[in-house]
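Visitor: Prediction below, plus the sequence it came from.
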Amino acid sequence: MTKAIPFPGTPQHQALLRAIVAFYEHDARVLALVVFGSLGRGGWDALSDIDLDVVVADDARIQVADELRRLCASFAPLGEYAALIVPEDDEGDVVLESLRQFSVRYHPLAATKPAIVDSMRVLAGRLDAAPIAAAAVANPADPEPPINHLLEACVRYAAVVQVYLQRESLWLSIEILHRMRDLLMQLFVRTHGGGRSLHRFPATAPAGLQARLSAALPQAADSASVRAALEVLIDLLENDLVEITDGELALTAGQQTVLRQVRLRLDQS
């Protein structure tokens with residue numbers, strides 16, 4: 001396996017990347033070892049996790065949990081040990097005892113995902129970036145839900161929170177409030193050129209909008225705090241949607257009716 005470029009990141013990142021490359025250096029199953037995300041892009045900091053893509057031969061069979069346990073065992077000379085390994089299908093997430101984190105996906109070349117291409121750096125392997133990028137481009141990206149669907153979900157959640165308040169299910173109410181805030185942030189990022197990355201919200205959203213969203217955080221686990229937070233979110237939907245979506249969306253008549261009915265029931269409770 002040929003090393004292609006210097007390792008990115010802090011000395012700690014680099015030490016882990018060197019260990020991972022060494023682990024796979026003579027592995028016939030592995031065609032390329034790719035880092036992407038903030039480390040690949042160059043926007044990393046000391047807290048960045050490591051996002052890895054491992055291109056394997058078509059006939060390779062990877063049992064992710066076992067593979068990650070063996071990989072993490074090779075970190076012992078660094079004093080790094082796995083605390084959590086969370087496998088899922090062809091990928092897995094690892095949290096080390098030092099709280100450093102990395103994610104790995106194992107897949108054949110034809111299954112390369114387009115999302116890695118813009119930030120990928122090939123660290124080692126028999127393949128360079130060109131065939132990996134070509135394979136990724138041949139695969140359709142996972143479709144994003146239309147932004148009007150995000151708005152519909154957010155308005156629906158307002159009604160759901162009101163129901164949970166009536167049932168005095170405070171923790172469920174708080175959970176759905178967080179989903180509403182997340183959807184509003186997604187709407188802002190999607191309509192202001194940020195794609196799917198919520199990391200862009202703090203850097204791009206006006207301070208006033210961020211302050212109003214902060215007011216939608218319940219101050220306590222009681223019905224009055226949850227109700228106040230819901231009212232803030234309804235205000236945002238009714239009065240700030242033009243700013244949130246850069247003028248791309250407005251409430252439909254049906255959505256306005258739902259929010260009015262929610263307010264009415266809140267007033268009656």
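Guide: Arrived safely.
Visitor: Check which element follows the longest helix that the chain contains along the chain.
Guide: Under DSSP state H, the helix in the chain containing the largest number of residues is helix 170-191. Downstream of helix 170-191, the first helix or strand assigned by DSSP states H and E is helix 201-204.
Visitor: ranges for the helices of the protein?
Guide: Read by DSSP H, the chain holds these helices, from start to end of the chain: 11-24, 38-41, 64-73, 129-137, 147-166, 170-191, 201-204, 207-214, 223-239, 241-244, 253-268.
Visitor: which parts of the last one are buried?
Guide: In this case it means helix 253-268. Within helix 253-268, the residues that qualify as buried are Q255, V258, L259, V262, R263, L266, counting by 16 or more other C-beta atoms under 10 Å. All C-beta spots, glycine's among them, are computed from the backbone N, C-alpha and C.
Visitor: Does anything pack onto that helix? Which helices or strands?
Guide: Contact here means 3 or more C-beta pairs under 8 Å, 6 or more residues apart in numbering; DSSP states H and E; on that basis helix 253-268 packs against helix 147-166, helix 223-239.
Visitor: what angle do it and helix 147-166 make?
Guide: Angle of helix 253-268 versus helix 147-166, following axes from the mean of the first three to the mean of the last three C-alpha atoms, to 10 degrees, is 20 degrees.
Visitor: Put the alpha carbons of helix 253-268 into PDB.
Guide: Only the C-alpha atoms of helix 253-268 are listed here, as PDB (Å, rounded to 0.1, in the frame of the first residue of the first chain):
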ATOM      1  CA  ALA A 253     -53.600  28.700   4.900                       C
ATOM      2  CA  GLY A 254     -53.700  25.200   6.400                       C
ATOM      3  CA  GLN A 255     -50.500  25.800   8.300                       C
ATOM      4  CA  GLN A 256     -51.700  29.100   9.600                       C
ATOM      5  CA  THR A 257     -54.900  27.400  10.800                       C
ATOM      6  CA  VAL A 258     -52.900  24.700  12.700                       C
ATOM      7  CA  LEU A 259     -50.800  27.400  14.500                       C
ATOM      8  CA  ARG A 260     -53.900  29.400  15.400                       C
ATOM      9  CA  GLN A 261     -55.600  26.300  16.800                       C
ATOM     10  CA  VAL A 262     -52.500  25.500  18.800                       C
ATOM     11  CA  ARG A 263     -52.400  29.000  20.300                       C
ATOM     12  CA  LEU A 264     -56.100  28.800  21.100                       C
ATOM     13  CA  ARG A 265     -55.700  25.500  23.000                       C
ATOM     14  CA  LEU A 266     -52.700  26.800  24.800                       C
ATOM     15  CA  ASP A 267     -54.800  29.800  25.900                       C
ATOM     16  CA  GLN A 268     -57.600  27.500  27.100                       C
END
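Visitor: Rounded mean pLDDT for that helix, please.
Guide: Taken as a whole, helix 253-268 carries a mean pLDDT of 94.
Visitor: Low-confidence ranges, this structure, go.
Guide: Scanning the chain with the threshold set as pLDDT under 70 gives 1-5, 141-142, 194-198.
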